[in-house]
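> just coords:
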Ligand SMILES: Cc1cc2nc3c(=O)[nH]c(=O)nc-3n(C[C@H](O)[C@H](O)[C@H](O)COP(=O)(O)O)c2cc1C
């Protein structure tokens, strides 16, 4: 039986426990250049020192004009490599393994970032709007994901996480709610997956065998049934770890059976785990070490991610191991880290 503190080896990369820091943007910390700052270094180092097994660095943009904010980290230029290298070194010192989440906002690109926002198809929901990208643009963006993955490897990271969840570009292609294309990148599930599948193929062709390729997916894209199909295909495409979060809803969410003690996002992850043999990370409001341990011990997940828990308590993993109480998130209605982490009442500099 695995426990929260069992080691696991993926592609010869040993991860010391099953506690993951999921990607979380540190809003306002980077400048327009998207370069890692000293604050980022201290932030990730503190979680590595605090015992986390696997850290996934926040959404890092593959294109300057595809960012969600002007202060998002970037990976569109070689100038970004040394900052990421410093994060890898600070975390490796404490034997944490580190991946970088790479992303493009698609229609969620902020209007202050670009006046020409692109998406799989024309889009306008009153808040976000974008025009359909051409096939040439689509291929250029796919190539930028591959170039970004190479830079992540050059930075000495242990792998990359493709952000295929939360309604950003890859998720926009995957979901029939937002992908209305009529060419080979829209329509059937095979067509909607093509954008991601070709990126995975390109990334795999560039990074070699000693580098983890993780995929953060929506368990509901837009249904759990679709999520399971997508997960199985991602496994066959050679993805090493699946990280199950939320996708683009069609207005419904997967129904959690009575007695299941976690929310529908965790439920989606545990259902997907039943259908694949690669490791699965579950996430969302897991909160306590007991609840995290239960998921791993009962083979419902291979890893549990702790987001806001690790923002408020960098030593969450170490304390869990020693049976100490962890500091918990206060669940402010909108997490204050979305505007400025320093306004979080639990923030410790
Ligand atoms: C401040 C903040 C920033 C986030 N940024 C990202 C991100 O960059 N990429 C991503 O996939 N999810 C992001 N998330 C979502 C988290 O990774 C995680 O899925 C979410 O917080 C739920 O987990 P929790 O209940 O353990 O906090 C962010 C969440 C927060 C609170």
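Happy to help now that I have it. These numbers were taken from a predicted model, which means no experiment stands behind them. Numbers count the residues shown, from 1 in each chain.

> which residue is the nearest non-sequential neighbour of residue 202?
residue 146 (3.9 Å; C-beta to C-beta, 6 or more residues apart in numbering). Where C-beta positions appear, they are placed from N, C-alpha and C, glycine not excepted.

> isn't there a helix covering that neighbour?
Yes - the assignment for residue 146 by DSSP: H, G, I helix; E, B strand; the rest coil puts it in a helix.

> wait, isn't it in contact with residue 199?
Yes - counting by C-beta atoms under 8 Å, residue 146 does reach residue 199; the two are 6.9 Å apart.

> ok, those two, which is more surrounded?
Taking neighbours as other C-beta atoms under 10 Å, residue 146 and residue 199 compare with residue 199 leading, 26 against 20.

> give the contact list for the more buried one.
Listed by C-beta atoms under 8 Å, 6 or more residues apart in numbering, the contact set of residue 199 reads 142, 145-146, 162, 170.

> ok, of those residues, which come out buried?
For the contacts of residue 199, a neighbour count by 16 or more other C-beta atoms under 10 Å gives the buried set as 142, 145-146, 162, 170.

> not counting sequence-adjacent ones, nearest residue to whatever residue of the stretch 201-349 of the chain ends up closest to the ligand?
Residue of the stretch 201-349 of the chain nearest the ligand, by C-beta to the nearest ligand atom: residue 307 (2.6 Å). Spatially, and ignoring its direct neighbours in sequence, residue 307 is nearest to residue 22 (4.9 Å; C-beta to C-beta, 6+ apart).

> and the gap between the one you found and the ligand?
Residue 22 sits 3 Å away from the ligand, going by C-beta to the nearest ligand atom, to the nearest Å.

> for residue 95, see how far away that residue is.
Look at residue 22 and residue 95: by C-beta to C-beta, to the nearest Å, they are 19 Å apart.

> settle it for me: which of these two has more neighbours?
Between residue 22 and residue 95, counted using other C-beta under 10 Å, the more crowded position is residue 22 (23 against 13).

> ok, now which ones touch that one?
Residue 22 neighbours (C-beta under 8 Å, 6+ apart): 56, 243, 245, 281, 283, 305-307.

> quick check: residues of the stretch 51-200 of the chain near the ligand?
58-59, 101, 163, 165-166 (C-beta under 6 Å from any ligand atom).

> and those, which two are the farthest apart?
Greatest spatial distance in those: 58 and 165, 13.7 Å, computed using C-beta to C-beta.

> neighbour count winner among these two?
residue 165 (28 against 22).

> do you know how far the more buried one is from residue 175?
Distance from residue 165 to residue 175, by C-beta to C-beta: 10 Å.

> which residues do those two both contact?
Jointly contacting residue 165 and residue 175 under the rule C-beta under 8 Å, 6+ apart are 218, 247.

> read off the pLDDT value for residue 349.
On pLDDT, residue 349 comes in at 64.

> which residues sit against stretch 314-325?
Residues contacting stretch 314-325 (C-beta under 8 Å, 6+ apart): 4-5, 17, 19, 46-47, 49-53, 289, 292-293, 306, 309-310, 313, 326-327, 348.

> try stretch 237-245
Stretch 237-245 is contacted from outside by 10-11, 20, 22, 56, 159, 161, 165-166, 197, 200-201, 204, 212-219, 227, 231, 234-235, 265, 268-269, 272, 276, 278-284, 302-303, 305, using C-beta under 8 Å, 6+ apart.

> please flag which of those sit within helices.
Within the contacts of stretch 237-245, residues falling in helices by DSSP state H are 197, 200-201, 204, 227, 231, 234-235, 265, 268-269, 272.

> and residue 177, that's in a helix?
No - using three-state DSSP, the assignment for residue 177 is coil, not a helix.
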